[in-house]
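In: Task: produce atomic coordinates for the following.
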Amino acid sequence: MNGVATALSITRVNNSYKISGSDIAVTLQVLNSKGEVVPLDNDGNINGSEGDSVVVDVSGARPDETVNVWMFSTPIQIGSGKVSADGVFAGKFAIPNDVDSGSHRLVLKTVSYTGSESTVSVGFIVGSGNEGNSAISTIIFTTLGVAIAFALIIPATRRRRRRLQAA
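Out: Residues are numbered from 1 along each chain as shown. Presented below is the predicted three-dimensional model:
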């Protein structure tokens, strides 16, 4: 948050990932062309193919802010939308047809209800891109999760200290 790594809670629930911190929560999953949830693989990786859709649910975002969803290696914005008045966003975005098979990152950017710029990045495999590098993916995913969690905790701690000093 605001460019500072923050500790997060990351849980697998019904073949999706729920990523949450002190200010914001994100749930990610993939649906196939029939609308069925694509299961995580044996290593817990999120997988998708051309024609599948990424489903993003966000809570704790600032109302009327924009949520942007990107796919990297080559930057491709796969979607965006506005946060509702109650701080919630739900979107479904198609995986582009011209994305190469292999490992990618899904990156979600928005602003939390406290005004912190929030970025969540998750490893993602398109097609048959799982080439036995799940240990590296796990290390990267864990490192990113811890970094994002710290970015959520530090601003909250500072706000509490300021409130206590003001009181």
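
In: which regions of the protein lie under the pLDDT threshold?
Out: 1-3, 128-139 (pLDDT under 70).

In: thought Gln29 was touching Lys18?
Out: No: Gln29 is beyond contact range of Lys18, at 9.6 Å (criterion: CB atoms under 8 Å). Backbone N, C-alpha and C define where each C-beta goes, glycine included.

In: quick one: what helix or strand has Gly123 in it?
Out: Take DSSP states H and E as the rule and Gly123 turns out to sit in strand 117-126.

In: so what strands line up beside that strand?
Out: strand 47-48 (parallel), strand 102-111 (antiparallel) (DSSP bridges).

In: Run through the helices of the chain in chain order.
Out: Here the chain has its helices, by DSSP state H, at 134-166.

In: which residue is nearest the centroid of it?
Out: Centroid-nearest residue in the chain: Val120, 4.2 Å away (criterion: CA atoms, centre = their mean).

In: So Ser16 sits against Leu28, correct?
Out: Yes: Ser16 lies in contact with Leu28 (CB under 8 Å); the separation is 6.1 Å.
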